[in-house]
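1. Dropping the sequence and predicted coords here.
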Amino acid sequence: MGVQHHSSTTSVSSSSSRSFLSSFCSAALRRKPIELTPSSSASSGGLERRLGVFELIFIGIGASVGAGIFVVTGTVARDAGPGVAISFILAGVACILNALCYAELSTRFPAVVGGAYLYTYSAFNELTAFLVFVQLNVDYHLGSASIARSLAGYCVTLLQLFPFLQGNYPSWIGHGKELFGGVVSLNLLAPVLLAVLTAVLCYGVKESSAVNSLMTAFKVTVVLFVILIGAFEVDVSNWTPFAPNGFKAIVTGATVVFFAYVGFDAVANSAEECRIPQRDLPIGILGSVLVCITLYVCVCLVITGMVPYQILGTDAPLAEAFTAKGLKFASVLISIGAVAGLTTILLVSLYVQSRSYLGLGRDGLLPSVFAKVHPSRHTPVNSQIWVGIVAAILAGIFNVTQLSHILTIGTLASYSVVSACVVTLRWKEKGDIHASKMCISSWCGGVTCLVVVAVSGFAAGACYRFGGPFILLLIFFLTAVASAAALYFRQVYAETPGFSCPGVPFVPIISVFFNIFLLAQLHEEAWYRFVIVSFISVGIYAFYGQYNETSAITDHYHTISTDDA
Ligand SMILES: NC(=[NH2+])NCCC[C@H](N)C(=O)O
């Protein structure tokens, strides 16, 4: 793809800009071949396969159970009433659709790290994959920093419960100190916590997973405790009226509590560290979502049954409900559970990020330093330290907790793309079997259908947000279903090896629809951030990624090693 040389300067510049554009386009549209058999192993410079099905379920739960259930429940319950349980069921169903798509893709790509980025690279193209990576990781970078700050705040508050620790240090080390008129907000404890977790993650995946499992077990115990002890305090009269503000408040609640389920996708990033990926990854993904749905719905019923929903607090609703019942000890326990919750979410977030950096480093879309795996610890040390440093700088200097409204957009966008991947990867198989001409027309028709689904999802979301008529919502939904039907009659859908998402193309398409519906509910600043980050990433790709993608690294996926577990 070299630049052609001409005698006149104008023609040089016009032809080089044309060749820049054509090289950009052909690079952006490259795809990665699918590799089905687990080929990477510790001895071939890959990660170590040490995780079993329980560790995977714990990673999923570890990444999910946190602020969503410990805090957001209260905010939503004040509006939706006891019907908040229905909100959690609705959001849980939407999440299951996503999880089914993730589960199928995780068994299709059991060999290496990459998750959403890898699926997109194979199903769509290089540029889309790069965009998915950046959007998702902006969420993760800001999210980790923000969780680290909340955690630091909680720790300081908890430490002050011990009399001998009071006053021995300034509380701003965990709560933040505003400087330069609030531009800077200094926090010392957050970077320290990040450094400790980064060290654990660099030390080894088995050790990190043990820490995660232990703390996840603790937070799940706290949640079970809330359910069991709380169940004795339930007064069923508190459940009436069940939906004081009608179904609309319940649906709005569902768009908010979807956040509580975000995290199951972390399991997909363990593909290269899992002993029997094709079997265990789908179990890990679906299992963790099902556990979360059960826990969340029970917590909602118990909490709204314990006290009238109007008096539930918005900061620490679970703890406050127990305090209101005179069970003060329970509220301390719940606060410790929340700390454990935040810690595991942080641990898994840092873990997931390092694995996706590793994937891009290997592919050359990012500098190869990110691809280094420690020879004896078998962890991606450089990527791990990098994500730790980025989070520590953000958490140490800025009050990132104020940015929560611009997060989740990257996660929801990547969930949408991943669901769409299931559709394209299935129809590609028919294209591969038949003539390539058929494949191209089929591809264009299919992409058109997906675009129609995305647009109708957004239109429905906007209509809901701005109070449009229900009939319009229904029309948009039916348009999406009609697109799915068009795809269904146009393509043949082959079953996949391992876990197959049922009801293709309907399930993935409805999943795309709901995700984009949710995207339309996000704060407008989240949209600005989405557009700006997309432009910057296209720029980075145009000047770095497209030239450095290395096919040699792609060969890594084809290395057949004999010593796999
Ligand atoms: N990738 C993310 N955006 N992670 C955030 C996870 C939030 C988690 N579900 C909670 O309720 O606190």
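-> Here it is on my side, so go on. Numbers count the residues shown, from 1 in each chain.

2. Quick check: chain neighbours aside, which residue is closest to Gly313?
-> Nearest residue to Gly313, sequence neighbours excluded (Cβ to Cβ, 6 or more residues apart in numbering): Glu320, at 4.1 Å. From N, CA and C alone the C-beta is placed, and that goes for glycine too.

3. actually Leu29, not the one I wrote
-> Distances taken as Cβ to Cβ, 6+ apart put Asn125 closest to Leu29, at 4.7 Å, once the chain neighbours are dropped.

4. can you list the residues of this protein near the ligand?
-> Neighbours of the ligand within the chain, by Cβ under 6 Å from any ligand atom: 64, 66-68, 139-140, 143, 259-260, 262-263, 345, 408, 411.

5. In three-state terms, label Leu522 for me.
-> At Leu522, secondary structure determined by DSSP: H, G, I helix; E, B strand; the rest coil is coil.

6. wait, what's in contact with it?
-> Applying Cβ atoms under 8 Å, 6 or more residues apart in numbering, we find Leu522 in contact with 405, 408-409, 412.

7. Any of the residues you listed buried? List them.
-> 408-409, 412 (16 or more other Cβ atoms under 10 Å).

8. okay if I get these as TSV plus secondary structure and pLDDT?
-> Converted to TSV, the buried ones among the contacts of Leu522 look like this (DSSP: H, G, I helix; E, B strand; the rest coil; pLDDT from 0 to 100):
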residue	secondary structure	pLDDT
Thr408	coil	86
Ile409	helix	92
Leu412	helix	93
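
9. Which of those residues sits closest to the ligand?
-> Nearest to the ligand out of the buried ones among the contacts of Leu522 is Thr408 (Cβ to the nearest ligand atom; 5.8 Å).

10. Do I have it right that that closest one meets Ala526?
-> Yes - counting by Cβ atoms under 8 Å, Thr408 does reach Ala526; the two are 7.2 Å apart.

11. quick one on the thing from earlier: looking at the residues of the chain next to the ligand, which two lie furthest apart in space?
-> Spanning the widest gap among the residues of the chain next to the ligand are Tyr140 and Ala260, at 17.3 Å by Cβ to Cβ.

12. Those two - which one has more neighbours?
-> Legend: neighbour count by other Cβ atoms under 10 Å for Tyr140 and Ala260, higher for Ala260 (27 against 22).

13. Check which residues of the host helix or strand of that one are buried.
-> Assigned by DSSP states H and E, Ala260 belongs to helix 246-261. For helix 246-261, the buried set under the neighbour-count rule, 16+ other Cβ under 10 Å, comprises 249-261.

14. before we move on, what about stretch 170-187?
-> Going by neighbour count (16+ other Cβ under 10 Å), the buried part of stretch 170-187 is 171, 173-176, 185, 187.

15. Now tell me what touches that stretch from outside.
-> With Cβ under 8 Å, 6+ apart as the test, stretch 170-187 has contacts from 149, 152-153, 155-157, 160, 188-190, 395-399.

16. of these, buried ones?
-> By 16+ other Cβ under 10 Å, the contacts of stretch 170-187 give 149, 152-153, 155-156, 188-190, 395-399 as buried.

17. Format those as CSV; extra columns: pLDDT and secondary structure.
-> Formatted as CSV, the buried ones among the contacts of stretch 170-187 follow (pLDDT from 0 to 100; DSSP: H, G, I helix; E, B strand; the rest coil):
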residue, pLDDT, secondary structure
Arg149, 90, helix
Ala152, 89, helix
Gly153, 86, helix
Cys155, 85, helix
Val156, 83, helix
Leu188, 88, coil
Leu189, 91, helix
Ala190, 92, helix
Ala395, 91, helix
Gly396, 90, helix
Ile397, 89, helix
Phe398, 87, coil
Asn399, 83, coil
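
18. Identify the residue nearest Asn548 in space, chain neighbours excluded?
-> The shortest distance from Asn548 to any non-neighbouring residue, by Cβ to Cβ, 6+ apart, is to Gly364 (4.2 Å).

19. which ones among the residues of the chain next to the ligand are found in helices?
-> Counting by DSSP state H, the part of the residues of the chain next to the ligand found in helices is 64, 67, 139-140, 143, 259-260, 345, 411.

20. Pick out whichever of the residues of the chain next to the ligand sits closest to Phe476.
-> Thr408 (22.0 Å).

21. Mean confidence (pLDDT) on the helix holding Ala260, please.
-> Helix 246-261 shows an average pLDDT of 92 in the prediction.

22. tell me which element Glu104 is part of?
-> Secondary structure assigned from DSSP H and E places Glu104 in helix 84-108.

23. Quick check: next helix or strand after that helix?
-> Using DSSP H and E, the next helix or strand after helix 84-108 towards the C-terminus is helix 116-123.

24. list the helices and strands that next one packs on?
-> Here helix 116-123 touches helix 126-159, helix 328-363, helix 409-433, going by 3 or more Cβ pairs under 8 Å, 6 or more residues apart in numbering; DSSP states H and E.

25. among those helices, which is nearest Ser106?
-> With Cβ to Cβ as the yardstick, what comes closest out of the helices and strands packed on helix 116-123 is helix 409-433 (10.1 Å).

26. could you give the angle of that closest one to helix 246-261?
-> In terms of direction (axes from the mean of the first three to the mean of the last three Cα atoms, to 10 degrees), helix 409-433 departs from helix 246-261 by 80 degrees.

27. Buried ones in helix 409-433, by neighbour count?
-> Buried positions in helix 409-433, judged by neighbour count with 16+ other Cβ under 10 Å: 409-431.

28. name the element Tyr464 belongs to?
-> Element membership for Tyr464 (DSSP H and E) is helix 436-465.

29. oh sorry, the question was meant for Phe476
-> Secondary structure from DSSP H and E places Phe476 in helix 470-490.

30. Which elements pack onto that helix?
-> With contacts taken as 3+ Cβ pairs under 8 Å, 6+ apart, helix 470-490 sits against helix 436-465, helix 506-519.

31. In JSON lines, list these along with mean neighbour count and mean pLDDT.
-> Listed next are these as JSON lines, based on neighbours: other Cβ atoms under 10 Å; pLDDT from 0 to 100:
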{"stretch": "helix 436-465", "mean neighbour count": "17", "mean pLDDT": "82"}
{"stretch": "helix 506-519", "mean neighbour count": "26", "mean pLDDT": "94"}
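
32. That'll do, ta.
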